[in-house]
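Novice: Need coordinates for the following:
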Amino acid sequence: MHKFDLGRTLATPGALAALEESGQSPAFFLDKHTMGDWGDVNQEDKQANDEALTSGERLLSAYKTLLGQRIWIITEAVDDQGKRAATTILLPEEY
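Specialist: Down below sits the predicted model:
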């Protein structure tokens with residue numbers, strides 16, 4: 001069950017290339033992200049994400065593709081209407 005809405009979904013060229021090279025779909029990682037599986041983040045970031053589900057702050061997940069390429073998924077904080085505007089898949093070096 002999804003814990004939040006993604007808003008508009010975006011991906012950088014680097015992230016798209018990494019996913020294509022690994023033969024993996026963005027949807028696989030986006031599903032993990034929306035279900036609260038934050039991936040390879042430290043305990044502090046996991047706690048911040050869990051709190052952000054109610055406070056509306058930014059959410060950050062980190063995963064590795066099958067080829068070991070690290071990708072991040074960032075969902076922006078809620079806007080003035082209480083909605084998340086966008087979620088971006090990117091490589092850490094593209095941040």
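
Novice: C-alpha from now on. contacts and neighbour counts both.
Specialist: Will do.

Novice: which residues touch the nearest residue to residue 67 once chain neighbours are set aside?
Specialist: Nearest residue to residue 67, sequence neighbours excluded (C-alpha to C-alpha, 6 or more residues apart in numbering): residue 22, at 5.8 Å. Residue 22 makes contact with 65, 66, 67, according to C-alpha atoms under 8 Å, 6 or more residues apart in numbering.

Novice: Among these, the buried ones, what's the PyMOL command?
Specialist: The buried subset of the contacts of residue 22, as determined by 16 or more other C-alpha atoms under 10 Å, is captured in PyMOL by this line:
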select buried, resi 65
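
Novice: As JSON lines, the contacts of residue 22 with distance to residue 2 would be great.
Specialist: Formatted as JSON lines, these follow (distance: C-alpha to C-alpha, whole Å):
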{"residue": "65", "distance to residue 2": "22"}
{"residue": "66", "distance to residue 2": "24"}
{"residue": "67", "distance to residue 2": "27"}
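
Novice: What's the end-to-end length of stretch 24-41?
Specialist: In stretch 24-41, first residue to last residue: 20 Å (C-alpha to C-alpha, to the nearest Å).

Novice: hmm, who's touching that stretch?
Specialist: 1-6, 16, 19, 46, 49-50, 60-66, 73, 89.

Novice: do stretch 77-90 as well
Specialist: Contact with stretch 77-90 is made by 5-12, 14-15, 26, 56-59, 71-76, as judged by C-alpha under 8 Å, 6+ apart.

Novice: How about stretch 2-11?
Specialist: Looking at what lies outside stretch 2-11 - C-alpha under 8 Å, 6+ apart - the contacts are 31, 34-36, 53, 75, 83-90.
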